[in-house]
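**Q** Let's see this in three dimensions:
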Amino acid sequence: MKSIITDIKVRGDKAIEQIPSIKDKALRINLNENIYGTFAEIGAGQETVRHFFRAGASSGTIAKAMSAYDKDFSDAIYGEEKDGRYVTESRLKKMLSHETKLIEERLKRDKHPNKIFFSYANTVATIDFAKQFKGHGWVGIKYQVEPDAGYSEITLHIRFKETDAKLQQETLGILGVNLIYGAYYKYNDPKNYYVTYMII
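**A** Predicted coordinates:
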């Protein structure tokens, strides 16, 4: 992430916000020594965590990344849903609660006094082969902004507009990075950030 600092201003210049790329957003999080968490992604690959791995320095951010793609594995980890469905808000909330509980149990505060933990999760169904079902999902993050603070939570229901599974996966990855970035760096203006920048 190269930064060019210049003091040159030309009369008539307007202030504009420099919007970082998805890679820069992931890298900024990775380079923060205190932000640390887990990724659990079901149904559309590990599209969000992939951006953090590719950005570099991910070992400082990723405690665990997993995809319980098989339904029996998913049920064994998160429990069965009463209605037997997997792409639901209830499933997402179980994932977030389970992963947050694990990170708190496994990473002791005396060893990690400054860590601010997060758990990111998604449960998604992309477009089917016959292209009759467009695809949708639930995406969320449970996170702290201070080590001794309680957890905040953001959950989103998404409907894909793309008619190609690969494009839907790419959208999901970008949306996930923006969700995590916004939770930490744009929480002071969430409405503007999430409406304007979610898929950039």
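
**Q** What are the buried residues along the host helix or strand of residue 75?
**A** Element membership for residue 75 (DSSP states H and E) is helix 71-78. Neighbour-count burial for helix 71-78, counted by 16 or more other CB atoms under 10 Å, picks out 74, 77-78. In this view, the C-beta of every residue, glycine as well, is placed from N, C-alpha and C.

**Q** Show me what it is packed up against.
**A** Using 3 or more CB pairs under 8 Å, 6 or more residues apart in numbering; DSSP states H and E, the elements in contact with helix 71-78 are helix 89-106.

**Q** Which SSE is immediately downstream of the helix it packs on?
**A** Trace forward from helix 89-106 with DSSP H and E and the next one is strand 116-125.

**Q** right, and residue 52 touches residue 59 too?
**A** No: between residue 52 and residue 59 there is no contact under CB atoms under 8 Å: 10.1 Å.

**Q** So for the two, which sits in the more crowded spot?
**A** The neighbour count for residue 52 versus residue 59, taken as other CB atoms under 10 Å, is higher for residue 52 (27 against 9).

**Q** Relative to residue 58, how far out is the more buried one?
**A** 5 Å (CB to CB, to the nearest Å).

**Q** likewise residue 89?
**A** In this view, residue 89 and residue 58 are 28 Å apart by CB to CB.

**Q** Of these two, which one has the most company?
**A** For the pair residue 89 and residue 58, the greater number of neighbours falls to residue 58 (18 against 13), based on other CB under 10 Å.

**Q** Show me the residue at the heart of this protein, geometrically.
**A** Nearest to the geometric centre of the chain sits residue 176, at 3.7 Å (CA atoms, centre = their mean).

**Q** Mutual contacts of residue 52 and residue 58, please.
**A** residue 30 (CB atoms under 8 Å, 6 or more residues apart in numbering).

**Q** thought residue 116 was touching residue 33?
**A** No: between residue 116 and residue 33 there is no contact under CB under 8 Å: 10.3 Å.

**Q** quick one: which of those two has more around it?
**A** Per other CB under 10 Å, whichever of residue 116 and residue 33 has more neighbours is residue 116, with 18 against 11.
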